[in-house]
Each structure stands twice: as C-alpha cells, then as structure tokens.
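Student: sequence and computational prediction follow.
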Amino acid sequence: MLKSTLKSLVLAAGVGALLAIVPAKAEDASATAAYKDIQATLGSVPDMFKTLPDVAVAGAWAEIKGVQLNPNTALDGKTKELMGLAVASQIPCQYCIYFHTQAAKLNGASDEEIKEAVAMAAIVRHWSTMLNGSQIDLATFKKQSDEVFAAVKAKSQ
C-alpha cells in the first residue's frame, strides 16, 4: 500500500513538473504575439510592457486593448481617459497623469475638461477623507443620499 502510494506521488510529481514546463513555452509564444500586436497597434512597444514577465504580457495587453483602446465599450475614449487621469491624480502616479492627460487630449478632451476631472478627483478624495475619518454610519449616509436624489428628481419633473 505504501509502495503504491509512493509510486502515485512520484508519478503525480513528474506529471506536475512536465505540465509546469509546457505552459511556460506557450506563454512565451503568447508574449511574442502580444508584442507583435502592440507594435502593430501602437507603432512601437513601450518599455512599460517589457517590465512584465513574459507570462503576463498577453493578459496585460488584452486588458488594455479590450477596455481602454476598445471603441465599442459603454464609455467613449475621452471619458475613459478622463477617469484614468482622475485616478492617476489620486494614486498619485506621474507616469499615469502624463499618459492619461495626453490620451484624453488625443480623444478630444479640452483643457477645461481635464481640469474638471482632476477637480472631481480632489473633491471625492476630500469627502472620502472626511466621511471615513469621521466614521459616518454607512447605512445613514445611503439613506440620506437616497433622500437627496429623490428630492432632486422630484424637482426636475
């Protein structure tokens, strides 16, 4: 019994080791394909992609291409880039701020829209600090917010 169990464990370890090797080669191929697609889409492969391990390149590119660069999503490119700028302003990330500002402009955002996105990020950060720091009851906050929205909606009709 012990010999049979030991044999099964050795066999399982061998198969596991073999399987661990196979995906690495497949990932290398997908990284190569992703780099080719990045080059074709952007005209070059920015170094930021080269900071990733090969196993992560295809997934990272698919995420960017599938959401950020996809014109067939619920949000238009300008809105996505203004959101990216707002988040980047709060992280804060100087690389992201530069990138999303330029991308927002490329997608038609005006200087005023860019300023407003950053201002909205600051307002949200301010009130998040106040609400969290003051430990405002979430259920009460939601109830009061719903009352405000109902009143605004009633006024607009």
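Tutor: Arrived safely.
Student: residues contacting stretch 67-86, please?
Tutor: With CB atoms under 8 Å, 6 or more residues apart in numbering as the test, stretch 67-86 has contacts from 41, 96-97, 99-101, 103-104, 106-109, 113-114, 117-118, 120-121, 124. (C-beta placed from N, C-alpha, C; glycine too.)
Student: tell me which residues in that stretch are buried?
Tutor: Buried positions in stretch 67-86, judged by neighbour count with 16 or more other CB atoms under 10 Å: 77-86.
Student: which residues in the protein form helices?
Tutor: 2-42, 47-50, 54-63, 77-90, 94-106, 111-134, 138-156 (DSSP state H).
Student: which one of the ones you listed is the most hemmed in?
Tutor: Ranked by mean neighbour count, these are led by helix 77-90 with a mean of 20 (mean count of other CB atoms under 10 Å).
Student: quick check: angle from that one to helix 94-106?
Tutor: Counting by axes from the mean of the first three to the mean of the last three CA atoms, to 10 degrees, helix 77-90 points 160 degrees away from the direction of helix 94-106.
Student: CA atoms only for helix 77-90, dumped as PDB, please.
Tutor: Provided in PDB are the C-alpha atoms of helix 77-90 (Å, rounded to 0.1, in the frame of the first residue of the first chain):
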ATOM      1  CA  GLY A  77     -12.400  57.100 -25.100                       C
ATOM      2  CA  LYS A  78     -12.400  60.600 -23.800                       C
ATOM      3  CA  THR A  79     -14.400  59.500 -20.700                       C
ATOM      4  CA  LYS A  80     -12.200  56.600 -20.100                       C
ATOM      5  CA  GLU A  81      -9.000  58.700 -20.200                       C
ATOM      6  CA  LEU A  82     -10.500  61.400 -18.000                       C
ATOM      7  CA  MET A  83     -11.300  58.700 -15.500                       C
ATOM      8  CA  GLY A  84      -7.800  57.400 -15.800                       C
ATOM      9  CA  LEU A  85      -6.500  60.900 -15.200                       C
ATOM     10  CA  ALA A  86      -8.700  61.300 -12.100                       C
ATOM     11  CA  VAL A  87      -7.500  58.000 -10.600                       C
ATOM     12  CA  ALA A  88      -3.900  58.800 -11.500                       C
ATOM     13  CA  SER A  89      -4.100  62.100  -9.800                       C
ATOM     14  CA  GLN A  90      -5.200  60.300  -6.600                       C
END
